[in-house]
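Visitor: A predicted structure for the sequence below; I have some questions about it.
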Amino acid sequence: MSDLFIKICGLRAARDVDTCVEAGADAIGFVFAPSARTVDAATARRLAGRVPDHVLTVGVFRGQPLTEVRRLTEECGIGAVQLHGDEGPEYYEALRGPGRTLIRATSQPRVVPGELGEDLLLLDAPEPGSGKPWNWASPDFAAPTGRWLLAGGLHPGNVRHAIETTGAWGVDVSSGVESERGVKSGDLIRAFIEAARPRR
Ligand SMILES: O=C(O)c1ccccc1N[C@@H]1O[C@H](COP(=O)(O)O)[C@@H](O)[C@H]1O
């Protein structure tokens, strides 16, 4: 794994999954929550099967029943669960399993990493997947310490500034690497990774 953790989310096409892997993404997300980017189980399983072991596959959920989250994760061979709902610690505990990374996504900037039992905190905009940024540059924002991901309105043109301003351990993007809503652009994926992690 590289210094900066980069997740590209909302993948629906094999070609784009391959581009993410070749360009150096650390994680690839499949959206199971209702969205323009939702994939069905068969598609997610087929796409996840293309991803090498060193790249984390992530299932994205929002307020879905535990049984559904567990079933889709297992059925599709997904390595991590990203939760955008208001699940409590029991929910995280129930999902904990060998080799499964739990990611808590929240738009509340003052949470304590790990407090619900998550392995990784993701600070996102109030409307996840909308491409709208939140005010991570505000002097009122106190970035967490340790490992956390920044998301919300990131794109090739602002990601470096966002990392330098917040000190985020990793970044996550969906809209900012699309040519139109729900359609990924190989050029933007490569540009995002290059901008986030410039070659030395
Ligand atoms: O991408 C979606 O449609 C989505 C739907 C429901 C929950 C989360 C979703 N995506 C997450 O949103 C951020 C990226 O947002 P942006 O488009 O780059 O602003 C990322 O965490 C995705 O996993």
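Guide: The structure has been received and is ready for your questions.

Visitor: how about the helices in the protein?
Guide: 14-23, 41-48, 66-76, 89-95, 159-166, 186-196 (DSSP state H).

Visitor: who in the protein is up against the ligand?
Guide: Counting by C-beta under 6 Å from any ligand atom, the residues of the chain lying close to the ligand are 9-10, 29, 31, 33, 35, 37, 60, 62, 82, 84, 105, 122, 124-125, 128-131, 151-154, 172-176. Bear in mind the C-beta positions are built from the backbone N, C-alpha and C, glycine included.

Visitor: Provide a ChimeraX selection command restricted to the buried entries of those residues.
Guide: To isolate the buried members of the residues of the chain next to the ligand in ChimeraX, using 16 or more other C-beta atoms under 10 Å:
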select :9,10,29,31,33,35,37,60,62,82,84,105,122,124,125,128,129,131,151,152,153,154,172,173,174,175,176
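
Visitor: How much space separates the residue in the chain positioned nearest to the ligand from residue 174?
Guide: Ranked by C-beta to the nearest ligand atom, the top residue of the chain for proximity to the ligand is residue 129, at 2.4 Å. Counting by C-beta to C-beta, to the nearest Å, the separation of residue 129 from residue 174 is 5 Å.

Visitor: Residues that sit against both of these two, list them.
Guide: Taking C-beta atoms under 8 Å, 6 or more residues apart in numbering as the contact rule, residue 129 and residue 174 both touch 9, 10, 37.

Visitor: Same list, these, but as a markdown table with pLDDT and distance to residue 44 please.
Guide: Formatted as a markdown table, the shared contacts of residue 129 and residue 174 follow (pLDDT from 0 to 100; distance: C-beta to C-beta, whole Å):
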| residue | pLDDT | distance to residue 44 |
| --- | --- | --- |
| 9 | 98 | 13 |
| 10 | 98 | 12 |
| 37 | 98 | 11 |
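
Visitor: How about the contacts made by the residue lying closest to residue 124 once chain neighbours are set aside?
Guide: Beyond its immediate neighbours in the sequence, the residue positioned closest to residue 124 (C-beta to C-beta, 6 or more residues apart in numbering) is residue 151, lying 4.4 Å away. The contact partners of residue 151, taken as C-beta under 8 Å, 6+ apart, are 9, 105, 122, 123, 124, 125, 128, 171, 172, 173, 174.

Visitor: same thing but at 7 Å, please
Guide: Contact partners of residue 151, counting by C-beta atoms under 7 Å, 6 or more residues apart in numbering, are 122, 124, 171, 172, 173.

Visitor: Present those residues as TSV; the columns should include pLDDT.
Guide: Conversion of those to TSV gives the following (pLDDT from 0 to 100):
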residue	pLDDT
122	97
124	96
171	98
172	98
173	98
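
Visitor: can you tell me which of the residues you listed are in strands?
Guide: 122, 171, 172, 173 (DSSP state E).

Visitor: Mind putting these into TSV with distance to residue 159?
Guide: Formatted as TSV, the ones in strands among the contacts of residue 151 follow (distance: C-beta to C-beta, whole Å):
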residue	distance to residue 159
122	15
171	6
172	10
173	7
